[in-house]
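Asker: heads up, no residue letters with this:
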Ligand code: GAR
């Protein structure tokens with residue numbers, strides 16, 4: 001079985017969309033894959049209750065309990081690795097990861113970012129797109145590499161920016177497409193042939 005571990009920090013709507021797609025599209029049968037666990041760096045992340053209600057194992061590794069990024073990432077990696085993951089999915093996980101963590105999951109760590117990368121890496125993407133006068137905004141699913149919000153792009157979707165948009169209205173429009181595109185990108189990743197193992 002291919003275990004997928006999803007990391008969240010907040011409402012977990014992308015995580016919920018992935019769980020729904022896995023169920024609806026029969027990922028267990030098609031890809032021998034399942035959502036093994038949802039892990040949050042925040043105990044009060046609303047998405048944890050959604051995951052529990054779906055019968056998915058949840059765990060909290062609170063970044064506040066650790067003095068350094070390295071110590072937090074080490075504890076997080078131990079919690080993830082206890083699930084023997086094939087794929088680790090960042091879904092609104094709002095922590096900058098250490099190079100050692102990223103290297104440990106190289107090739108099996110995905111992220112969704114609410115902009116058309118390489119435009120607007122980092123935070124406040126929707127406000128920055130509006131201030132820049134962008135006529136389109138969107139989202140990017142990408143493999144995580146050491147440089148923040150970079151890495152090979154797996155999927156993107158563009159949405160129009162309306163003249164009266166606020167950061168909130170634009171975010172809501174983009175989020176609706178995130179819920180469609182992230183599960184599709186994960187399904188496509190799972191459908192890829194396994195990399196050849198050296199003889
Ligand atoms: C999503 O819009 C996601 O793209 C964004 O946080 C939101 C999480 O929503 N991620 C980032 O900004 C990562 N830098 P959700 O918790 O409802 O899925």
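Answerer: Looks like it came in fine. In this text, all values refer to a predicted model and were calculated from it rather than measured experimentally.

Asker: which bits of the chain sit near the ligand?
Answerer: Within the chain, the positions lying close to the ligand (CB under 6 Å from any ligand atom) are 8, 10-14, 47, 91-92, 112-114, 175, 178. C-betas here are computed from N, CA, C, even on glycine.

Asker: looking at those residues, which are in strands?
Answerer: Those of the residues of the chain next to the ligand mapping onto strands are 8, 112, 113, per DSSP state E.

Asker: state the helix or strand in which residue 51 lies.
Answerer: helix 47-53 (DSSP states H and E).

Asker: could I get the buried residue list for the next helix or strand after that helix?
Answerer: Next along the chain after helix 47-53, taking DSSP H and E as the criterion, comes strand 57-60. Using 16 or more other CB atoms under 10 Å as the test for burial, strand 57-60 gives 58, 59.

Asker: each with direction, which strands does strand 57-60 pair with?
Answerer: strand 33-40 (parallel) (DSSP bridges).

Asker: and the partner strand, how far from the chain's centre?
Answerer: On the basis of CA atoms, centre = their mean, to the nearest Å, strand 33-40 sits 12 Å off its chain's mean C-alpha point.

Asker: surely residue 34 is in contact with residue 2?
Answerer: Yes: under the criterion of CB atoms under 8 Å, residue 34 makes contact with residue 2 at 7.5 Å.

Asker: can you list the residue ranges for strands in the chain?
Answerer: 2-8, 33-40, 57-60, 85-90, 109-113, 136-143, 153-160.

Asker: can I get these in JSON lines with mean pLDDT?
Answerer: Listed next are the strands of the chain as JSON lines, based on pLDDT from 0 to 100:
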{"stretch": "strand 2-8", "mean pLDDT": "98"}
{"stretch": "strand 33-40", "mean pLDDT": "98"}
{"stretch": "strand 57-60", "mean pLDDT": "98"}
{"stretch": "strand 85-90", "mean pLDDT": "98"}
{"stretch": "strand 109-113", "mean pLDDT": "98"}
{"stretch": "strand 136-143", "mean pLDDT": "98"}
{"stretch": "strand 153-160", "mean pLDDT": "98"}
